[in-house]
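Q: Pasting the sequence and the predicted model now:
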Amino acid sequence: MKIVPNFASKEEEKKYYEQEASETEFLNWYNKQDLPEYEKPSLTVDIVLLCYNKEEDQLKILLINRKAHPYRASWALPGGFVNRNESTGESVLRETKEETGVIISKENIEQLHSFSRPDRDPRGWVVTVSYLAFIGEEPLIAGDDAKEVRWFTLERKEEKLLLTNAETEIILDLKTGESTGKDTLAFDHSEIILKAFNRVANKMEHEPQVLQVLGKDFTITEARKVFAKFSGVDYKTIDHSNFKKAMLHHFNEIGERPVGIGRPSKIYELK
């Protein structure tokens, strides 16, 4: 049996367990301390789910209406607390299903950013890890902490980002990050959405994963329409030939799609 020395001071005890004891001994000692040296924040996840409706030519984002404090009745991104022995990736898949009824896989999600400002949550120190995913527009089922769950149209007008659904309008400023309009978002979710939107806009020409919102295949015109949503322009101002030439190395041509009268459109998939 290993004999633990008597310590003259707390500092001497700390030094022994950190530098001389085994890791198992250190962890047993550390977890028994009343006041660990480092405070432990709570950990949550939030996800920005984007889709595109081809018939309506609309980019959309999924939001929930919170049914409990804090920010009761405010719109927010799907998400929640990470369970013990659960990774943030596993947590975001679980929370998305529980709150919205939407099932996504780990292949769908991309880690976006961590947000750790001390005052971001009125319940205390809560760090969140945000994720981004591109999916098709799916039916929604409100559950868990969600009073309602809806797809909001996401539209860029110059340096403003408009989130609208029925009577609700939320306006985000792409330059200042400020949220205006009749409604605002819970927590710092305006900041998270702007981070996601700018991430897509800044890298879509060399990493066009956003085109996953079009499903397994798409035409060049459909791809132009999605790109135009992030640029805030009419898709017709994006030259078809130049766009195709610039993006074709990201695509595989897989066939043709009838479009009524005239020549069928070529269809592509992401490499």
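A: In hand now; what should we look at?
Q: shaky segments in the stretch 1-150 of the chain?
A: The stretch 1-150 of the chain contains residues with pLDDT under 70 at 1, 35-37, 144.
Q: Could you pull out the strands in the stretch 151-271 of the chain for me?
A: Read by DSSP state E, counting those that start in this stretch, the stretch 151-271 of the chain holds these strands, from start to end of the chain: 160-165, 168-173, 179-180, 251-257, 265-270.
Q: What helices and strands are in contact with the third one?
A: Other elements packing on strand 179-180 under the criterion 3 or more Cβ pairs under 8 Å, 6 or more residues apart in numbering; DSSP states H and E are strand 168-173. (Each C-beta comes from the backbone N, C-alpha and C, glycine too.)
Q: Give me the buried positions along the strand it packs on.
A: Ile170, Ile171, Leu172 (16 or more other Cβ atoms under 10 Å).
Q: try stretch 261-271
A: Ser265, Ile267, Tyr268, Leu270.
Q: Can you tell me which of these is nearest Asn31?
A: Leu270 (46.6 Å; Cβ to Cβ).
Q: list the contacts for the closest one?
A: Contact analysis of Leu270 by Cβ atoms under 8 Å, 6 or more residues apart in numbering lists Pro208, Gln209, Leu211, Gln212, His250, Phe251, Asn252.
Q: my guess is Ser114 meets Val126, correct?
A: No - shown here, Ser114 and Val126 do not form a contact pair, counting by Cβ atoms under 8 Å, at 11.4 Å.
Q: For these two, indicate the residue with more neighbours.
A: Val126 (18 against 11; other Cβ atoms under 10 Å).
Q: Now that one. Its backbone dihedrals?
A: phi -130, psi 120 (degrees, to the nearest 10).
Q: what pairs with it across the strands?
A: Ser42 (DSSP bridges).
Q: what's the answer for the one 4 residues further on, then?
A: Using DSSP bridges, the bridge partners assigned to Ser130 are Asp46, His113.
Q: Distance check, it against Asn83.
A: Here Ser130 is placed at a distance of 18 Å from Asn83 (Cβ to Cβ, to the nearest Å).
Q: just Lys266 next, same as before
A: 46 Å.
Q: ditto for Thr180
A: Distance, Thr180 to Asn83, using Cβ to Cβ: 36 Å.
Q: Contacts for the top helix by length along the chain, please.
A: Using DSSP state H, we find that the single longest helix of the chain is helix 189-203. Applying Cβ under 8 Å, 6+ apart, the contact partners of helix 189-203 are 46, 48, 50, 61, 76-77, 112-113, 115, 128, 130, 132, 154, 156, 161, 163, 170, 172, 174, 177-179, 184-185, 210, 230-231.
Q: who has more neighbours, Ser130 and Asn83?
A: Each of Ser130 and Asn83 has its neighbours counted (other Cβ under 10 Å); Ser130 has more, 26 against 12.
Q: can you pull the contacts of that one?
A: Per Cβ under 8 Å, 6+ apart, neighbours of Ser130: 45-48, 77, 111-115, 192, 195-196.
Q: Buried only: go through the contacts of helix 189-203 for me.
A: 46, 48, 50, 61, 76-77, 112, 115, 128, 130, 132, 154, 156, 161, 163, 170, 172, 174, 179, 184-185, 210, 230.
Q: Now do stretch 163-170: distance from first to last residue.
A: Its start and end residues considered, stretch 163-170 measures 5 Å (Cα to Cα, to the nearest Å).
Q: Could you pull up the mean pLDDT of it?
A: Stretch 163-170 carries an average pLDDT of 91.
Q: chain center to it, what's the gap?
A: 20 Å (Cα atoms, centre = their mean, to the nearest Å).
Q: Please apply the same query to stretch 233-246.
A: 28 Å.
Q: likewise stretch 24-42?
A: 32 Å.
Q: ditto for stretch 189-207
A: For stretch 189-207 - counting by Cα atoms, centre = their mean - the centre lies 10 Å from the chain centre.
Q: now it: mean pLDDT?
A: 96.
Q: Run a quick neighbour tally on the closest residue to Val129 other than its chain neighbours.
A: In space, and not counting its chain neighbours, Val129 is closest to Thr88: 4.4 Å by Cβ to Cβ, 6 or more residues apart in numbering. Per other Cβ under 10 Å, the neighbour tally for Thr88 reads 18.
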